[in-house]
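> Sequence first, predicted coordinates after that:
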Amino acid sequence: MSNTPPETLNAKCACGAVTATLRGPFRQPIACHCESCRRQSGHFTAATSVPRENFELGNSDKLIWWRATDHAERGFCADCGSLMFWKMDGVERVSIFMGCIDTPTGLQMEKHIYTEEKSDYYDI
């Protein structure tokens, strides 16, 4: 696997109703083990991020933004339920969940966060 991400990556939900084009620079992926991510995704999440101006939605009629917390919102597909995006209020970056991005990504997991909230059925 290449450790150099391409200049552009594409993302889509499981059914293809929501798409996005992402232009770097890409943050290396971070795995989040917080309770909110675990409950919405069914496990922990892993996401990269790009500057907002490098995030371009394609198909988005089925995209729904939902607030899990008072400081951020999550984007998911209304048809298939794929959790795709995360945006923190006041931050000029958009996080994109790694499972939605076409491979190869050229990215490598950088770190794990909120590990004190992880579930008890796995080790890091």
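Arrived safely, thanks for sending.
> Just give me the residue right at the centre of the chain.
Phe97 (2.1 Å; C-alpha atoms, centre = their mean).
> partner residues bridging that one?
Ala47 (DSSP bridges).
> Pull the distance from the lowest-mean-pLDDT helix or strand in the chain to the chain's centre.
Least confident helix or strand, the chain: helix 35-41 with a mean of 91, by mean pLDDT, DSSP states H and E. For helix 35-41, the separation from the chain centroid amounts to 13 Å (computed by C-alpha atoms, centre = their mean, to the nearest Å).
> What residues of that helix count as buried?
Neighbour-count burial for helix 35-41 flags 36-38, 40-41 (criterion: 16 or more other C-beta atoms under 10 Å). Heads up, the C-betas are built off the backbone N, CA and C, glycines and all.
> now do stretch 84-91
Of all the residues in stretch 84-91, those buried under the rule 16+ other C-beta under 10 Å are 84-87.
> still on that earlier bit, may I see the buried residues of helix 35-41 organised as CSV, with distance to Gly75 added?
Shown next, in CSV, are the buried residues of helix 35-41 (distance: C-beta to C-beta, whole Å):
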residue, distance to Gly75
Ser36, 14
Cys37, 14
Arg38, 18
Gln40, 11
Ser41, 13
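> Among those, which one lies nearest to Leu9?
Ser41 (19.8 Å; C-beta to C-beta).
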